[in-house]
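Undergrad: fold the following and give me the result.
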Amino acid sequence: MNHLLLSPLSWLAFAALVLAVFGGRLSRRLRRCCQAVIAVSVLLCTPLCANALLKLAERGAKAPGCGTTNRGWPIVLLSAGFDHPPESNDDIAALATDSLERMQAAREQARRDPTAAIFVSGGGPYRIAEATVLAGALARLDVAPGRLRVETRSMTTWDNAFNLRGDVRQAQLLTSPEHMPRAVIAFQAAGIEVCAAPAPSSAAPMDGPGYFVPGRTALVKSELAVHELVGRVAYAWKAWRVHAASNRS
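TA: Predicted coordinates:
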């Protein structure tokens, strides 16, 4: 449901429907409002605006980047879902693109810091957990199974942080760049000190006239960016409530 509410395509369809059904009875202000919503929605479906919005969502992670001073901290890899239900624990093809990109980034981070344990966190809506498939994929690459820890109960980023706080006090946090600010808020609220180790950005540079043409990939990026920006506000509120409750106790 949240996916639909935060999609520019849903905004466009709703505004167009209102104009088509009630256009003649709407005030000039409401008609212009609907027209503005349609225009903004179309713009957000172009690579130009979608990539700009994604870059905006990538800003604001209030945690330092991981460096030599953070060596030995556990690497925490957050899952990013499946594209379809996995058929087995080894079904790497079921992993969403973001999950695969985060997994590859975790592999590289593990190579740079060979002593760090790796916590893979994420449950999901299916019988087989996202973290289970990701951890298995890492083990089949070149990550020693003894370094891997799996947390499979989490359904949200907030769950990731609070389900791990009994096992992790400091973490090299590995997730997508646009997701990093929200994840940092959750982990700091859980009392876990983090440094940021983001996967590569999916924002693309301008590459010609096609940058101005609406498309499905741009829509997906806009939906992702809007989800993260709205989610960041919600998590900031939740974190404030956690801190307020802590101060009262």
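Undergrad: can you give the distance from the host helix or strand of W158 to the centre of its chain?
TA: Element membership of W158, judged by DSSP states H and E, is helix 157-164. Here helix 157-164 shows a centroid-to-chain-centroid distance of 14 Å under the convention CA atoms, centre = their mean, to the nearest Å.
Undergrad: next secondary structure after the lowest-mean-pLDDT helix or strand in the chain?
TA: The least trusted helix or strand in the chain, going by mean pLDDT, DSSP states H and E, turns out to be helix 2-5, with a mean of 74. Scanning forward in sequence from helix 2-5 by DSSP H and E, the next helix or strand is helix 8-22.
Undergrad: helices or strands up against the helix or strand following that next one?
TA: Where DSSP H and E defines the elements, the next helix or strand beyond helix 8-22 is helix 28-44. Counting contacts by 3 or more CB pairs under 8 Å, 6 or more residues apart in numbering; DSSP states H and E, helix 28-44 packs against helix 8-22, helix 47-58, helix 216-248. Backbone N, C-alpha and C define where each C-beta goes, glycine included.
Undergrad: domain map for this protein?
TA: Under automatic domain parsing, the residue ranges defining each domain of the chain are 2-58+211-248, 68-196.
Undergrad: L4 touches A13, doesn't it?
TA: No - L4 lies out of contact with A13 (CB atoms under 8 Å); the separation is 9.7 Å.
Undergrad: when these two are compared, which one has more neighbours?
TA: Using other CB atoms under 10 Å, the more surrounded residue of L4 and A13 is A13, with 14 against 11.
Undergrad: who's in contact with the most centrally placed residue in the chain?
TA: Most central residue of the chain, judged by C-alpha distance to the mean C-alpha position with CA atoms, centre = their mean, is H179 at 3.6 Å. Shown in contact with H179 (CB atoms under 8 Å, 6 or more residues apart in numbering): 78, 80, 157, 228.
Undergrad: helix, strand, or coil at V194?
TA: strand (DSSP: H, G, I helix; E, B strand; the rest coil).
Undergrad: show the pLDDT at the closest residue to it other than its chain neighbours.
TA: Spatial nearest neighbour of V194, excluding adjacent residues (CB to CB, 6 or more residues apart in numbering): L173 at 4.3 Å. What the model reports as pLDDT for L173 is 98.
Undergrad: adjacent strands (with direction) for the strand or helix carrying L173?
TA: Using DSSP H and E, the element containing L173 is strand 170-174. Using DSSP bridges, the strands paired with strand 170-174 are strand 75-78 (parallel), strand 193-196 (parallel).
Undergrad: N247: which of those is closest?
TA: Closest to N247 of the strands paired with strand 170-174, according to CB to CB: strand 193-196, at 19.2 Å.
Undergrad: what does that closest one contact?
TA: 61, 63-67, 70, 73, 76, 169-173, 180, 184, 187-188.
Undergrad: now do 6 Å
TA: Strand 193-196 is contacted by residues 61, 63-66, 70, 170-173, 180, 187 when judged by CB atoms under 6 Å, 6 or more residues apart in numbering.
Undergrad: could I get the average pLDDT for it?
TA: Mean pLDDT, strand 193-196: 97.
Undergrad: CA atoms only for that strand, dumped as CSV, please.
TA: Coordinates of each C-alpha in strand 193-196 appear next as CSV, following Å, rounded to 0.1, in the frame of the first residue of the first chain:
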residue,chain,number,x,y,z
GLU,A,193,27.9,3.2,16.9
VAL,A,194,28.2,2.9,13.1
CYS,A,195,30.4,4.0,10.2
ALA,A,196,29.0,4.1,6.7
